[in-house]
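Colleague: coordinates only, sequence not included:
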């Protein structure tokens, strides 16, 4: 089992994979690049992953067979173990927690070679529904305090498989950055009696130099103190503290604005590697007047990692006003007609007979 | 002039290069790799850098000519402007400061193709003296609150030039990570009336599973909650809050243990890219009973950047106990005889006539 360990100075928790214990050789690049091999996320290879915990597929089509358009499975190499109780231990002056949690993969599409910048908005909506369904389900487990939803696109952003996927990690602690956001937002609220994110959106919509796009429910903008070139945040206009409470109409509009944002980034930056992260309220808390969920999209364009990691200090060579101007300038491809997503829209012809899975893996 | 901008939620300051304003094209990799060209840090090319602010060179050898063994110059493309007053501005609800500071480069050696893992300890001592001399000098400027000393080794660690160099940035604010360390250390001190770093070293020396090496003045160990595989901290045994106050004998031993640490990392991880950062007390503060300066060395082995950046959450697949065992196992090359560094030791034959610098750049 892995361990969560706490830095005694900073208070930051990290996951240490005690059992896996990668030796130095694991980090030395192989002489020859590994061959691509068979993709475990492609339709027909469902037996190569752990069983699905959720899939959107035609009614009646068999579990762990093809036909799905979004599929969620446990991570085959999870950072945290699903079974066991959360136990806290002392280790002299140090603190650790047994590495209990959940680590799931959302396979976003049956298509292997597609960039998220090219999804249509229906595809994005279905992915967002999967995030929400899994977040709701995991939040029911009393052991978990935070559900982290994020996507790594491309090797330099941390993806180890090319087939488009996102990850969901359920944690027995609240990550440091989320704690800081909650604390910062609380301090602002105590002083102003207003939500800092609501105020940010008011100012962004008034200044209009950093806004990339807005619709009836969301604003996409490059934040005033962007750490990274072309960093873009998507924030709901109405004050909501939990992503999981999103309304159906809002989710439709979120799919649209997130899709457009990734399309803009793909167009002007030639399909860069990127990360996005859903920032939301810890799952054991109710509605908070001071915290406002949102999505942060961070293209991976600069190689200045260690210094920033070590100091929390960032140098951004592209002002957000300039980034927003470029992003706004992208012509968005016409959306496909707005029809509800039905099994017939599935990008694969629904195969009537699932591939047999002889090994039963 | 660049700007320092403050994130209104987290309170993190970032430098935004308003004038430079890199366009999207700046981030798209060129079709052909840029040719290496002439190295501005090599001896004989001193005219290609701004004038030196410090150099260790044979007595009488001319400024901005060859003969030096360590040379410090202003960064040709500084993140912050040297001239001007620190002015704070409001921008609606946002806060910014004029981008005033210093940004210097320490050219560590005249040798272009050498890895810091191969420096002898005299070379390291001279580099450390240069850090200290520049830190002391910059701290005299009342506008600066923090002197950040760090090294990026290799492209993926953020280095843009191959010739070995470190950087020093003088800032009008204290970086967030340093603030957090100071606050965390203060909280511990208020509770225990002991320095948290002194306690860490006591436990590390007792447990001895994470210690890599120790000498009369320093301990090198892999921290209990390491974020990165093979992360190693070097901490002075005696409580000292400012790096700049280091004693001569201690600096000799620091050169030795830092050299050994980089040699160990180079040996077992095949010369990986890495960063190290000197963590010290803000320059306008005196001796603090709760804060203890140290150096954090972080090999750049994993590609999980954006997620960690965004959440402050780290997954480390190599426990520090395993990393320390491997690092301890490296046989250290015999040190050259312990003699004081003199001009005769300079790795270059001292050229009697400096290269003329016709353009005067």
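Modeller: Perfect, thanks for sending it. Only a predicted model underlies this, so the values are computations on that prediction, with no experimental measurement involved.
Colleague: count the neighbours of the closest residue in space to residue A:56 that isn't next to it in sequence for me.
Modeller: In space, and not counting its chain neighbours, residue A:56 is closest to residue A:70: 4.7 Å by CB to CB, 6 or more residues apart in numbering or on different chains. C-beta here means a position set from N, CA and C on the backbone, and glycine is covered the same way. Residue A:70: 23 surrounding residues under other CB atoms under 10 Å in any protein chain shown.
Colleague: tell me which residue lies nearest the centroid of chain A.
Modeller: Geometric centre of chain A, nearest residue: residue A:150, 1.6 Å, by CA atoms, centre = their mean.
Colleague: which of the three states applies to it?
Modeller: Three-state call for residue A:150 (DSSP: H, G, I helix; E, B strand; the rest coil): strand.
Colleague: any idea what it is bridged to?
Modeller: residue A:167, residue A:277 (DSSP bridges).
Colleague: tell me how far it lies from residue B:253.
Modeller: Computed as CB to CB, to the nearest Å, the residue A:150 to residue B:253 distance reads 43 Å.
Colleague: tell me how many other residues crowd residue A:117.
Modeller: Neighbours of residue A:117 (other CB under 10 Å): 20.
Colleague: and it, which of the three is it?
Modeller: helix.
Colleague: what's the end-to-end length of stretch A:80-99?
Modeller: One end of stretch A:80-99 to the other measures 5 Å (CA to CA, to the nearest Å).
Colleague: ugh, wrong one, stretch A:37-44
Modeller: Using CA to CA, the two ends of stretch A:37-44 sit 14 Å apart.
Colleague: which positions in the stretch 151-300 of chain A make contact with chain B?
Modeller: Counting by CB under 8 Å from any CB of the partner chain, the residues of the stretch 151-300 of chain A close to chain B are A:152, A:155-158, A:171, A:175-178, A:180-181, A:184-185, A:188, A:196-197, A:199-200, A:203, A:206-207, A:223-227, A:229-230, A:268-270, A:272, A:274-275, A:277, A:296, A:298-300.
Colleague: report the buried members of those residues.
Modeller: For these, a burial check counting by 16 or more other CB atoms under 10 Å in any protein chain shown picks out A:152, A:156-158, A:171, A:175-178, A:180-181, A:184-185, A:188, A:196-197, A:199-200, A:203, A:223-227, A:229-230, A:268-269, A:272, A:274-275, A:277, A:296, A:298-300.
Colleague: low-scoring pLDDT stretches of the stretch 1-150 of chain A, where are they?
Modeller: In the predicted model, the stretch 1-150 of chain A carries pLDDT under 70 at residues A:20, A:29-36.
Colleague: show me which residues of it sit near chain B.
Modeller: A:5-18, A:20-24, A:26-28, A:79, A:91-94, A:148, A:150.
Colleague: can you select the buried ones from these in ChimeraX?
Modeller: ChimeraX command restricting the residues of the stretch 1-150 of chain A next to chain B to the buried ones, with burial defined by 16+ other CB under 10 Å:
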select /A:5,6,7,8,9,10,11,12,13,14,15,16,17,18,22,24,27,79,94,148,150
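Colleague: list the ones among the residues of the stretch 1-150 of chain A next to chain B that fall in helices.
Modeller: Taking DSSP state H as the definition of helices, those contribute nothing to them.
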